[in-house]
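> Attaching a predicted model along with its sequence, questions to come.
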Amino acid sequence: IRDQIGLLADYVGAGKGPTGEAKEPQNTEKMNVPITAPLLMPGAAVVGLGNSRIQLILPPDFGLSDVPSPLDPNLRIVEIPEHVCAIQNIVQKENLEKQLKTLMETLERDDHLVDKSSWQVLHYRSPWFNPMFNSDELAVGLRKYVHCRENRNTLWCTEY
């Protein structure tokens, strides 16, 4: 995982050389690439399974044609289609699988169709803030969800 974070840092222009000096961005335009929080980690990376990729999110005003190509062949720029996720704060990192199972069961009990293969950990780890105030979240993909709202003592539900 640290290797992947290093590749991403080099690509966006946040990488450091062996003596701590700033490295030139490792992309075809040599430009610093703005990113947004969070850093996405597929669930498999968190529990130690292979073939996992860390992802970062580019700002919404960046189209695929605006993004410089990475110089490292291990990095790919892909567009992820819009999708809906259920999000929950992670209370205890050492209890992640149990929290994930509970979240999925709760969603299914409420008639949401959960994509059990599509879950990620969202990392909000700023180097400028005390780690005590950083938080991580679980994100679970939903194939179908029901949104309900109450209006004048009537419950309206819409299925998506």
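Thanks, I have it.

> for Cys148, helix, strand, or coil?
Put simply, Cys148 is strand when judged by DSSP: H, G, I helix; E, B strand; the rest coil.

> residues contacting the closest residue to Pro25 other than its chain neighbours?
Setting aside the residues directly before and after it, Pro25 is nearest to Gly13 in space (CB to CB, 6 or more residues apart in numbering), at 3.5 Å. Heads up, the C-betas are built off the backbone N, CA and C, glycines and all. The contact partners of Gly13, taken as CB atoms under 8 Å, 6 or more residues apart in numbering, are 22-25, 27, 31-33.

> quick one: pLDDT of Gly13?
We have a pLDDT of 91 for Gly13.

> What of Leu100?
pLDDT, read off for Leu100, is 89.

> surely it meets Val121?
No: counting by CB atoms under 8 Å, Leu100 stays clear of Val121, with 9.4 Å between them.

> burial measure for Ile54, as a count.
18 (other CB atoms under 10 Å).

> Just the buried ones from the contacts of Gly13?
25, 27, 33 (16 or more other CB atoms under 10 Å).

> and which of the residues you listed is nearest Met104?
Val33 (34.0 Å; CB to CB).

> quick one: that closest one and Pro70, what's the gap?
10 Å (CB to CB, to the nearest Å).

> Just want the most central residue of the protein.
Leu40 (2.4 Å; CA atoms, centre = their mean).

> Look up how far Arg53 lies from it.
Distance from Leu40 to Arg53, by CB to CB: 9 Å.

> For the residue nearest to the centre of the chain, give the beta-bridge partners.
Gln55, Leu122 (DSSP bridges).

> Ramachandran coordinates for Leu71?
Leu71 adopts backbone torsions of phi -80, psi -30, taken as degrees, to the nearest 10.

> ok, it touching Asn27?
Yes: between Leu71 and Asn27 a contact is recorded at 6.2 Å, counting by CB under 8 Å.

> overlap in contacts of these two?
Tyr11.

> Tell me the secondary structure of Ile77, please.
Once three-state DSSP is applied, Ile77 turns out coil.

> what's the closest non-adjacent residue to it?
In space, Ile77 is closest to Val67, 5.2 Å off (CB to CB, 6+ apart).

> quick one, what contacts that neighbour?
33, 58, 77.

> pLDDT score for the second one?
Residue-level confidence at Leu58 comes out at 81, pLDDT.

> Could you do the first one as well?
For Val33, the pLDDT comes out at 89.
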